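Asks: Test case, fold it:
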Amino acid sequence: MARKLIDISVPLQNDVPADPPGGHPTIEYVDHQAGMKRMLPHFPGLKPEDLPDGQAWAVERVTLSTHNGTHLDAPWHFHPTMNRGERSWTIDEVPLEWCLQPGVKLDFRHFPDGYVATAADVEAELKRIGHTLQPLNIVVVNTSAGLKYGQQDYVTSGCGMGHEATMYLLERGVRVTGIDGWSWDAPFVHTAKKYAETGDASLIWEGHKAGRHIGYSHIEKLYNLELLPSTGFTVSCFPVKIERASAGWTRAIAIID
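Replies: This is a model prediction of the structure:
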């Protein structure tokens, strides 16, 4: 069978409700005519008509967070320490071998918005698909948020992965996970409601905070997970190398041989 590449990333784009209000990226497009003003000073004597079709270059100016678009979070994002006391790695320190490994998909689309998946949920799904986790497997979670990307309710949709479920994966050697929702944890609006009812701060960002115990990275805002089989694919998710950063954008790809 010919190799098949499946794009599991979302594009960076203007005017898409993929982040909470005020957190979206902005992209200013400079076309080939507007780019002439910047090109001509590099070549004294050059006139626009000297160039093929009178066209210069196109470029873009982008303002964004490292957490816009499909990105890989570093342990530093979760807490200053990992592995129970070591300094957390930033994105430029995440091992490359973590980022190209066999993938496993957990289908949690049936869970309601705001549900926090448990270790038992992970174990039951692994049993259903007949897979035993191997060290460095990249585990991606398909939620109901995946098909809502670009819609107004995307950020508040889908289930999340709790501390218990995350530790279940990490204790079996998984070091990179991923989800098609806005966050690895349940959407904030649901967690905020539970916190208001209970006053239990351990509910807040509980999946992320598991990284204090075992360092790991996760990918957020994945896409097209519905197209993947449960197993039998490789995930490539190398992050952009940003010095001392908490995350890096990634063009995540699933590879089926």
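Asks: any idea of the mean pLDDT in stretch 150-163?
Replies: The average pLDDT for stretch 150-163 rounds to 97.
Asks: could you pull out the strands for the stretch 51-200 of the chain?
Replies: Remark: strands assigned in the stretch 51-200 of the chain by DSSP state E, counting those that start in this stretch are 59-63, 71-73, 81-82, 86-87, 100-107, 116-117, 138-142, 160-161, 176-179.
Asks: Return the most buried member of those.
Replies: strand 160-161 (a mean of 31; mean count of other CB atoms under 10 Å). C-beta: built from backbone N, CA, C; applies to glycine.
Asks: What lies in contact with that one?
Replies: Strand 160-161 is contacted from outside by 114-117, 141, 177, 179, 181, 183-187, 190-191, 207, using CB atoms under 8 Å, 6 or more residues apart in numbering.
Asks: which residues does Leu170 contact?
Replies: Here Leu170 is in contact with Ala210, His213, Ile214, Tyr216 (CB under 8 Å, 6+ apart).
Asks: For those residues, pick the one with the most neighbours.
Replies: Ala210 (28 neighbours; other CB atoms under 10 Å).
Asks: Please enumerate the helices of the stretch 101-250 of the chain.
Replies: Using DSSP state H, counting those that start in this stretch, the helices found in the stretch 101-250 of the chain span residues 119-129, 163-170, 188-198, 206-209.
Asks: Let me know which of those is the nearest to Lys148.
Replies: helix 188-198 (14.1 Å; CB to CB).
Asks: Reformat the helices of the stretch 101-250 of the chain as JSON lines; add distance to Leu96.
Replies: JSON lines is the format used below for the helices of the stretch 101-250 of the chain (distance: least, CB to CB, whole Å):
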{"stretch": "helix 119-129", "distance to Leu96": "26"}
{"stretch": "helix 163-170", "distance to Leu96": "19"}
{"stretch": "helix 188-198", "distance to Leu96": "32"}
{"stretch": "helix 206-209", "distance to Leu96": "22"}
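Asks: so which of these comes closest to His42?
Replies: Judging these by CB to CB, what sits closest to His42 is helix 206-209, at 45.8 Å.
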